[in-house]
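Colleague: can you look at this prediction? I've put the sequence above it.
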Amino acid sequence: MRLTSAQQQLIKSTVDRVLQTASQVWLFGSRVDDNLRGGDIDLFIETEAVLPNPVQAICSLYGALIYALGDRKLDILLKDARTQNAPVFDIAKRTGVIL
């Protein structure tokens, strides 16, 4: 995985602070492969809670993570209790690494 321990902890703590609910975070995509270089940070975040406005939550997460990690390319997938399952969520979980 091409994230430092400090970056992993920063991502998890930022997600917890922004969502204010228990959640799991997966890193997926090219950053999972130690043999590759570059690439954006692809995150899948899942919570059992119902978020009042998931789109606003994604925007808040994006801003907070950019602020915490520096100017990085980020892709964020968010699934709360009301979000229907989608194949991309399954792929992110199957190919990703939980932080």
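Modeller: The structure has been received and is ready for your questions.
Colleague: so what does the nearest residue to Lys79 once chain neighbours are set aside look like in phi/psi?
Modeller: Spatially, and ignoring its direct neighbours in sequence, Lys79 is nearest to Glu46 (4.7 Å; C-beta to C-beta, 6 or more residues apart in numbering). C-betas here are computed from N, CA, C, even on glycine. Phi and psi for Glu46, reported as degrees, to the nearest 10, are phi -130, psi 130.
Colleague: how close does the closest residue to Thr21 other than its chain neighbours get to Gln24?
Modeller: Counting by C-beta to C-beta, 6+ apart, Ala49 is the residue found nearest to Thr21 once chain neighbours are left out, at 4.0 Å. Counting by C-beta to C-beta, to the nearest Å, the gap from Ala49 to Gln24 is 12 Å.
Colleague: give me phi/psi at Val32?
Modeller: phi -70, psi -30.
Colleague: before we move on, back to that, quick one: residues contacting the residue nearest to Lys79.
Modeller: Ser23, Gln24, Trp26, Leu78, Lys79, Asp80, Phe89, Lys93 (C-beta atoms under 8 Å, 6 or more residues apart in numbering).
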